[in-house]
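Could you work out the structure for the sequence below:
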Amino acid sequence: MAANGNPQHITYAKVSSIQLDPAKRVLAISDIHGNYTGFNEVLQKAGYHDSDQLLIVGDMVEKGSGSLKVLEKIYRMSLRGPVYATKGNCEVWILEKFRDREQVLDHISHHENSTFQEMMERLGMTTENFDHEKMVQEFGYLMEWLNNLPDILEDPYLYACHAGMNNPNVTENDRSACLRQDAYEYHKPQLDRPILVGHWPTVNYCEKKMNCNPRYQNGVLSLDGGNNVKSDGQLNLVVINDVTTMEFDWVVSEMGWLYVADHTQKESTEYRSIVYCDNAVEVLEETKQKVYVRHISSGYKMWVYKEDVYHTASGTRVWDVTDYHPHIEPGDILYVYRETEDRYFVKRDGILGWYNKQKEE
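This is a model prediction of the structure:
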């Protein structure tokens, strides 16, 4: 109920029913966020063919520098084979602005990487010679295609929805919640079949090891690896080999630089990760480069770098941090996301941690 006692107005989600072939594999991806190179990479790694069934669970655009090319590619793929996509909050965001000249220009002025900026560059435009009518004429078909996409895909074996659906009666889901809600897995939805979601990076669920890989918990298959949202994220493509059992594996596109380990490192025995949004801390001690903090909710204490600490009106917080050191052997393939004076922040098989430059004695 609204504060005045009247029922709140709800816009119900648009639902599209599909029929996946259980004899064929299903590929699923979310939160591409304009990563055109990464999208092509994971499709190639998975051996994608036009006969494959592909689910794209929202947020194809924004944040990365290839949103327009991603949209055009997915549109063309949908004409050739069984490709099913849902809207995400980022698609709705640009759809709301596309038809208004001033909103397009305002969006460009506030976002370094944007679908609209790419459209302008394709047409040889700048803000000085911007021709909104020409943009609409050239790319209106893509926006119309986007606008016609559903918020929920319903198949006899599974659902797909960008942020999650809360009502088991599929046609009675609040559209705003389907597009944006946090930590959906924790809601433990009472649905009659598994659901595929994106929106919330899987690393945000991690209290111990920071793991960017897809995860399947409480009937929820979370796809989002934090690509183009987290500085150390990845783009995940899940390959469901059997939709009747939800047996799956995955391939990834990494954003770090490849490094081959040259010495052994033992795994940490005690460690923790502090991730969004349970990231409130108390500062206990400071040095020139580091800060010793206590995690408010767990009481755990660790040293973090000063650049990982920020302040809000509600208190001091940290960006995603961990003191975990994985077991590493010479020859292990690592992806480096950060380098400090004495160590690397690396990812191996989706798990983040520190790799000391100095060999252990």
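
use CA for all of it now, contacts and neighbours both
OK.

Let's see the distance spanning stretch 212-230 from one end to the other.
From its first residue to its last, stretch 212-230 covers 10 Å (C-alpha to C-alpha, to the nearest Å).

buried set for it?
Using 16 or more other C-alpha atoms under 10 Å as the test for burial, stretch 212-230 gives 212-215, 219-228.

possible to save those residues as TSV with distance to residue 346 and pLDDT?
Shown next, in TSV, are the buried residues of stretch 212-230 (distance: C-alpha to C-alpha, whole Å; pLDDT from 0 to 100):
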residue	distance to residue 346	pLDDT
212	12	98
213	15	98
214	18	98
215	20	97
219	30	94
220	28	96
221	25	97
222	22	98
223	21	98
224	19	98
225	15	98
226	15	98
227	16	97
228	17	96
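
pull the longest helix from this structure.
Ranked by residue count, the top helix of the chain under DSSP state H comes out as helix 132-148.

if we can go back for a sec, among the buried residues of stretch 212-230, which one lies nearest to residue 23?
Nearest to residue 23 out of the buried residues of stretch 212-230 is residue 221 (C-alpha to C-alpha; 20.1 Å).

In terms of helix, strand or coil, where does that closest one fall?
strand (DSSP: H, G, I helix; E, B strand; the rest coil).

dump the residue contacts of it.
Shown in contact with residue 221 (C-alpha atoms under 8 Å, 6 or more residues apart in numbering): 194-197, 214-215.

re earlier: who's in contact with the longest helix of the chain?
71-72, 75, 87, 91-92, 95, 98-99, 101, 119-120, 123.

between the residues you listed, which has the most around it?
Neighbour counts for those, by other C-alpha atoms under 10 Å, peak at residue 87, which reaches 24 neighbours.

looking at it, that residue is touching residue 57, isn't it?
Yes - between residue 87 and residue 57 there is a contact at 7.1 Å, judged by C-alpha atoms under 8 Å.

overlap in contacts of those two?
Going by C-alpha under 8 Å, 6+ apart, residues that sit against residue 87 and also against residue 57 are residue 162.

coming back round to it: mean confidence score for the longest helix of the chain?
In this model, helix 132-148 carries a mean pLDDT of 97.
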